[in-house]
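Visitor: Any chance you can model this:
(2 chains)
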Amino acid sequence: MARRRASYRVGIDVGGTFTDFVLLRPDGTLRIAKSPTTPKDQAEGILQGLAAIASEEGMPLAEFLTRVERIVHGTTVADNTMIEMNGAVTGLITSAGHRDEIELRRGFKEDIWDPALPPPPAIAPRRRRIGVAERLDYEGNVLVPLDEDDVRRALRRLRALGTESLAVVFLFSFVNPQHEQRVREIAAEECPDMAVWLSHEVLPAAPEFERTSTTLVNAYVGPRIENYLVGLGRALDELGYRGKLLVMQSNGGMMPVPYVLRRPVTLLSSGPTGGVIGACQVARLAGLQDFICADMGGTSYDVCLVRGAEPEIKAGWNWHHRYLIALPMVQVQSIGAGGGSLARVVGGTLQVGPQSAGADPGPICYGRGGTVVTVTDANLFLGYLGAESFCGGRMRLQPEGVAEALGEQVARPLGLSIEEAAHGIYRLVNANMANAIRRISAQRGIDPRGLTLVSFGGNGPVHATAQARELGIRQVFVPRLAPAFSALGLLMADQLVDEIRSYIVRTDEADLSRIRALFAEMEEAALRVLENGTARRFERRRFLHMCYPGQTFDIAVPVVGRGTELSEREYRATVERFHDLHEALHTYAVRDERPILRALRLSAVGVIEKPRFAELARTRSSPKPKGRRRAFFGGGFRSVPVFDGASLGHGQRIEGPGIIEEAFTTVVLQPGDRCRVDHWGNYWIEVGS
Amino acid sequence: MTKRTLALRRVVQRRPRAVAERRRAKAARAAIDPVTAEIIRGAMETICYEMATHVSLTATTPILNQSNERNATILDARGSLAALSVGIPQFMLSSTLPVRFALEFFGPDGLYDGDVLVANDPYHGGGHLPDYNVFAPVFHQGEMVLIASIQCHHADTGGAMPGGYNVDARDIWAEGVRFPAVKVYERGQERRDVIYMMKVNNRTPTFLGDLRAQIGAAQLGVRRLKEVLQRYGTKTVRAAVEYMIDYAARRFREEVSRWPDGVYESDVYVDHDPKGNPDIHIHCKVTIQGSDLTIDFTGSDMRDNLQAYSTFGNTRGYVVAQLASIMDPTIPKNEGFFNSIRLIVPPGCCLNPPPDRSVAAGTHHPGTEVGEAIAKALEQVIPERCCPQIYKMGMPTVIFGKNPKTGQLFIDHSVDTFASYCGAVYGQDGWGAMNVSFGNLIRATAEINESIFPVRHWSRDYATDTGGPGRWRGCPGSLYVKEICAPAQVYTYVVGRKYPVPGIAGGKPGAPNRLIVRAGGPHAFEVETTAFYVEHQPGERYEYRYGGGGGWGDPLERDPAKVLEDVLDEYVSVEGARRDYGVVLRGSLEDLSLAVDWEATEALRAQLRAARA
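Guide: Now for the predicted structure:
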């Protein structure tokens, strides 16, 4: 056997404008690189970026690739397919009488005030949704046998309609999958080229609308994702890459390509999860357990609540691109608030966002033809951003015209001075973001005041401490690699297999042997996948989803006990724990009530070895500003020191007001804020009152 | 009745005097900068959301935690609505009038920090008895500044019939227990006697849990609002409330002033009340004069023996919900919006009942027809904005019996998924399950209910040709078939057979409702008025052909290519295309060779137009 050479790992995160790369070198040091995203084929930009990194590392691409042991990739192909609605021609075969679930949507509509709200673009219009005679009851007994002639007729019809990808959704198929499986067999005979997706494999859980929607989206995006990932794999292979290609899923786990392709919908909305995983790992290293991580980029603000250094992963009412994806997902809430958010006066009040100027034309100060005031323009006017130092000096901001536009578009209509108007934009976008955090914590019954705000993304640290004040939060943490955090997160993600099985029964009537059998089945399925992986060790988490009779939203209760066989006593203790958790979350428990068991979930984690970061040397001296500039903090402009982030050392402290400029972001310290640099170069800010 | 309660049933909601309004607005503008006002508005809406979310998370009754039938509001110390988070727009207003009654009843010194009150009485500002309002004053520096309120629909409210929908009740007392305004907490202390009294007057075991969820939400609202007051001070918060109310009023009036002046009238009807009194009549007169909007229901049904009464609060809710759907969706819904409408509802008519009548049936009908009447009146002047935000449901069917699996009573309220009554609007065919106003009402499915109730959902597919034809087509209704697998009784009330959902601007009405009970057996029959306690044997089916939504505009103007698409999707049949749209199709649906015969279509449309004239 050849001697194991020290090897690289690469995290690649494709964003709307840039593809971010984080390279972890054998010595533990990191390199950040960016390359323009190539929207037609994201693989192109990836290969270009890799070539650039290789050359900076002093190697030809082929040699570099032989030294890379692992590439972890976050892709937006699934989301782009849903945004552009250019997925496969998709059809649906379902139980007779239930052809229209996807249009009925359990009655849900997104805007209760607007009768002209259009329907979501159809993935499978009604003509490509066909009911066939078959029916199971809720225990899986056959009420109506599958009519195979009906199935053949349906398949031929769908073929005639040009269907490329087929979703099969029968009622209660997650209890008894035989009818769905039989359709796959018949499809192999009738339409061998059609991709077939069975609902009990995509999401083996009730209820049918959620499963139908998830399976349809899966069928719609699946072929395009397969095309892309297989193509990327082949290209890398041809260049000599022999390492692993892993892909980030929306549940925060990274898995090999063949696994992901069994259920490609798990890539949908995986974009923000990389950042969350990165935040969790870095924050855990730094000793943080409970925090809010907030990623503010150019167009959106993504918030995730983290407890016990674990992001919340929840299955259920997750809407993306106007379809419901009921698979377990890292719970990230997005609002339209970013540097590019437009500020306008409508009917006498100021509105900031959700519309964005994007990257093109972008804010006025980008000088690319933008004419409407944005948050970034206000930040430049207020002195928070430096015209010369933006993006590490690679992009000069143009203050010309910004003050005039602020005056004309915001200050005059509101009867404010220009400074007040710019500061108003800053305050309002902060309030909007703070409200988003309040909403997400309300859903979990949590008071945000006791938490730390972990802020990243290009614009996050500009606003972080002002937002923290709004929320009564006392501490802000800005990781050193804040601007490329999503790509870093990819390198730190574990492997994760989520299995879920529906079993709806009153807890006192549940069949324990069935629960055991379902857990065993899930465990076997999960381990089969993980044992082929890159993980060092495995962790297994089992949950019983329970609720009180009549409740809609269930609580995932961690199973008491560690043994493989769930004992009677452990089962009872788990039910008891449900009452406790309910009380902790919702202030009351009904202990004489018998809860309903709704589902079983197994989450198997293959823990990978985490990179070790190089540490900074301790600096005793006080930090030296690289200059000063005038900035506005309410009241009036004043001169504040500006520091170069790269020059700061471990242990140095800065008191606000002040500004720290990093290559791809800026940290704004409000008056009263106190900032210190830790041994990894992260910023800890104590928020002034 | 006391003088105070009479004040709430006032005939005319007075138009605020424009001068006073402007003066107040000016003062508000002077006291606060627009950015701070906007920030406080956002904070209040977020607090409403937090209160509503608290109920969804903690209530145990599906209608609360699943259907989202709850509204959270923040009012000022005079009972003016400042901010809200809405479940169902039609019911959003029953939060304000009960609070105003309590303010009058207890007087300026009768409410304390730490109080929480409950109210549900339709004759003291409420909508109907199952809607419980729980509200709490918010004190800052010893002074009441705001009120946090949360309103929820409860599964039962005592009375003769389980479920709170006793549509054949002889009077309000037969419907359930009335709480005009009762303190359940005083100065932070729970009043155990009152809570216990409420508990024993309700038959559902989950009632207390739901009530506590609501109390918890109100207390949460109080805590959060106190933080806001702490931070900004009473003066600024008051100014911010004035500012938001003024802003909504200004935008409301701006919009009305763009509508052509004039008087526009409409007449709409409910098939019958639960007693069988036919043709309940609503007359609506809308007057637009500059930026003033008057809605007058004088001339509506005054018959003395009706079983169809919508209370003033309920009527007002439907007025506002319909107008909200017609106006720019971004105008905030607060007192400035509501107060800009001059509303006239004569006492004694079916929309403002004589004292103590039963209102269980009337909450829905003629309640919903209020919206229909406004849409039909305004279609004459701003047709492109009109889409009646209504339903023709009668009442939610109650199916109850003994569950053979558990041996316990089951009550299926039929809050299931199906399509019905969703109208088209200019530029958009009707789609989904219901009108957009009900988009927060999340309904159950086969896999949820079949695991709980002894029922089987055999069908809920759209039924072809049930959407009202129009240039834009109404959404089809569902063929909804539910087999009842245990001996059970069905209790319901059916309307919309004679008067289905209307079309707008020349659009045709949606298909009417048809309910067949005991279907699939020899005893099947169609329900004409009500089905009270109809016994079902196991295996018999409840088969509801839910009516469709109305169309918008002349169906002969619908693009034939769109009609072809509709036929391919089986929303419309080949015959329907010809009959309703004058579109002639060649080829067959079976082999997908269907195509528009443009020439024959032209000819047929010309012929149909000529026949009309």
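
Visitor: Point out the residues in the stretch 101-250 of chain B that sit beside chain A.
Guide: Neighbours of chain A within the stretch 101-250 of chain B, by Cβ under 8 Å from any Cβ of the partner chain: B:206, B:209, B:212-213, B:216, B:227, B:247, B:250. Bear in mind the C-beta positions are built from the backbone N, C-alpha and C, glycine included.

Visitor: Whichever residue of chain A sits closest to chain B: what's it in contact with?
Guide: When distances are taken as Cβ to the nearest Cβ, chain A reaches nearest to chain B at residue A:109, 2.9 Å away. Applying Cβ atoms under 8 Å, 6 or more residues apart in numbering or on different chains to residue A:109 gives the contacts A:117, B:432, B:436, B:438-439.

Visitor: Of the residues you listed, which pair is most distant in space?
Guide: A:117 and B:438 (12.5 Å; Cβ to Cβ).

Visitor: Just want to know which of the two has more residues nearby.
Guide: Neighbours were counted for residue A:117 and for residue B:438 using other Cβ atoms under 10 Å in any protein chain shown; residue B:438 has more, 26 against 17.

Visitor: Let me know the next secondary structure element after the strand or helix carrying residue A:422.
Guide: Under the criterion of DSSP states H and E, residue A:422 resides in helix A:418-442. Later in the chain than helix A:418-442, the nearest helix or strand by DSSP H and E is strand A:452-456.

Visitor: CA atoms only: put that next one into CSV for me.
Guide: C-alpha atoms of strand A:452-456 as CSV (Å, rounded to 0.1, in the frame of the first residue of the first chain):
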residue,chain,number,x,y,z
THR,A,452,-26.0,34.9,21.8
LEU,A,453,-26.3,36.3,18.3
VAL,A,454,-23.9,34.6,15.9
SER,A,455,-23.6,36.8,12.9
PHE,A,456,-22.1,36.1,9.5
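
Visitor: from the stretch 351-500 of chain B, which residue is nearest to chain A?
Guide: Residue nearest to chain A within the stretch 351-500 of chain B: residue B:439 (2.9 Å; Cβ to the nearest Cβ).

Visitor: what about the nearest residue to that residue once chain neighbours are set aside, which helix or strand?
Guide: Nearest non-adjacent residue to residue B:439, counting by Cβ to Cβ, 6 or more residues apart in numbering or on different chains: residue A:109, 2.9 Å away. Applying DSSP H and E as the criterion places residue A:109 outside every helix and strand.

Visitor: quick revisit: cross the residues of the stretch 101-250 of chain B next to chain A against helices and list the overlap.
Guide: B:209, B:212-213, B:216, B:227, B:247, B:250 (DSSP state H).

Visitor: Identify the residues contacting residue 481.
Guide: Going with chain A. Neighbours of residue A:481 in contact, by Cβ under 8 Å, 6+ apart: A:22, A:30, A:32, A:278, A:282, A:488.

Visitor: Can you look at chain B instead?
Guide: With Cβ under 8 Å, 6+ apart, residue B:481 has these contacts: A:97, B:457-460, B:519, B:541-544.

Visitor: Help me confirm that it is found in a strand?
Guide: Yes. The assignment for residue B:481 is a strand, going by DSSP: H, G, I helix; E, B strand; the rest coil.

Visitor: tell me which residues form a beta bridge with it?
Guide: residue B:459, residue B:543 (DSSP bridges).

Visitor: Which pLDDT value goes with it?
Guide: In this prediction, residue B:481 carries a pLDDT score of 97.

Visitor: hang on, the earlier thing: least confident of the residues of the stretch 101-250 of chain B next to chain A?
Guide: residue B:206 (77).

Visitor: May I ask you to confirm that that residue is in contact with residue B:154?
Guide: No. Between residue B:206 and residue B:154 there is no contact under Cβ atoms under 8 Å: 9.1 Å.

Visitor: residues touching residue 251, list them.
Guide: This is for chain A. Counted by Cβ under 8 Å, 6+ apart, residue A:251 has contacts A:266, A:273, A:313, A:327-330, A:496, A:498.

Visitor: sorry, should have said chain B
Guide: Here residue B:251 is in contact with A:347, B:328, B:331-332 (Cβ under 8 Å, 6+ apart).

Visitor: swap in residue A:83?
Guide: residue A:321.

Visitor: do the same with residue A:81
Guide: A:87, A:220-221, A:224-225.

Visitor: Mind telling me the two of these farthest from one another?
Guide: A:220 and A:225 (10.1 Å).

Visitor: higher neighbour count, the two?
Guide: For residue A:220 versus residue A:225, neighbours defined as other Cβ under 10 Å are more numerous around residue A:220 (27 against 24).

Visitor: Touching, the more buried one and residue A:121? I think so.
Guide: No. If you go by Cβ under 8 Å, residue A:220 and residue A:121 don't touch, sitting 10.4 Å apart.

Visitor: mind checking the backbone torsions on residue A:36?
Guide: phi -60, psi 140 (degrees, to the nearest 10).

Visitor: didn't it look like it was pressed against residue A:16?
Guide: No. Counting by Cβ under 8 Å, residue A:36 stays clear of residue A:16, with 10.8 Å between them.

Visitor: the more surrounded of the two?
Guide: The neighbour comparison of residue A:36 against residue A:16 (other Cβ under 10 Å) goes to residue A:16, with 17 against 12.

Visitor: re the thing from before, okay, the contacts of residue A:81 in JSON lines with pLDDT and secondary structure next?
Guide: Formatted as JSON lines, the contacts of residue A:81 follow (pLDDT from 0 to 100; DSSP: H, G, I helix; E, B strand; the rest coil):
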{"residue": "A:87", "pLDDT": "96", "secondary structure": "coil"}
{"residue": "A:220", "pLDDT": "98", "secondary structure": "helix"}
{"residue": "A:221", "pLDDT": "97", "secondary structure": "helix"}
{"residue": "A:224", "pLDDT": "96", "secondary structure": "helix"}
{"residue": "A:225", "pLDDT": "96", "secondary structure": "helix"}
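
Visitor: Same list, those, but only the ones touching chain B.
Guide: Okay, of the contacts of residue A:81, nothing touches chain B (Cβ under 8 Å from any Cβ).

Visitor: Residue B:364 contacts residue B:395, doesn't it?
Guide: Yes. Counting by Cβ under 8 Å, residue B:395 is a contact partner of residue B:364 at 6.3 Å.

Visitor: So for these two, which sits in the more crowded spot?
Guide: residue B:364 (27 against 23).

Visitor: Make sure that one is indeed in a helix.
Guide: No. Looking at residue B:364 with three-state DSSP, it is coil, so not inside a helix.

Visitor: Specify the local secondary structure of residue A:43.
Guide: Classified using three-state DSSP, residue A:43 is helix.

Visitor: wait, doesn't residue B:556 sit right on residue B:578?
Guide: No. Using Cβ under 8 Å as the test, residue B:556 is too far from residue B:578 to be in contact (11.7 Å).

Visitor: Send me stretch A:22-39 as PDB with only the CA atoms.
Guide: Written as PDB, here are the backbone C-alpha positions of stretch A:22-39 (Å, rounded to 0.1, in the frame of the first residue of the first chain):
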ATOM      1  CA  VAL A  22     -12.800  26.800   1.300                       C
ATOM      2  CA  LEU A  23      -9.700  24.800   1.100                       C
ATOM      3  CA  LEU A  24      -8.500  23.000   4.200                       C
ATOM      4  CA  ARG A  25      -4.800  22.300   3.800                       C
ATOM      5  CA  PRO A  26      -3.000  19.300   5.400                       C
ATOM      6  CA  ASP A  27      -1.500  21.700   8.000                       C
ATOM      7  CA  GLY A  28      -4.900  22.900   9.200                       C
ATOM      8  CA  THR A  29      -4.700  26.300   7.600                       C
ATOM      9  CA  LEU A  30      -7.600  27.500   5.400                       C
ATOM     10  CA  ARG A  31      -7.800  29.300   2.200                       C
ATOM     11  CA  ILE A  32     -10.900  31.100   0.900                       C
ATOM     12  CA  ALA A  33     -11.500  31.600  -2.800                       C
ATOM     13  CA  LYS A  34     -14.300  32.900  -4.900                       C
ATOM     14  CA  SER A  35     -15.100  32.300  -8.500                       C
ATOM     15  CA  PRO A  36     -18.100  33.500 -10.600                       C
ATOM     16  CA  THR A  37     -21.000  31.100 -10.600                       C
ATOM     17  CA  THR A  38     -21.900  29.700 -14.100                       C
ATOM     18  CA  PRO A  39     -25.700  29.400 -13.900                       C
END
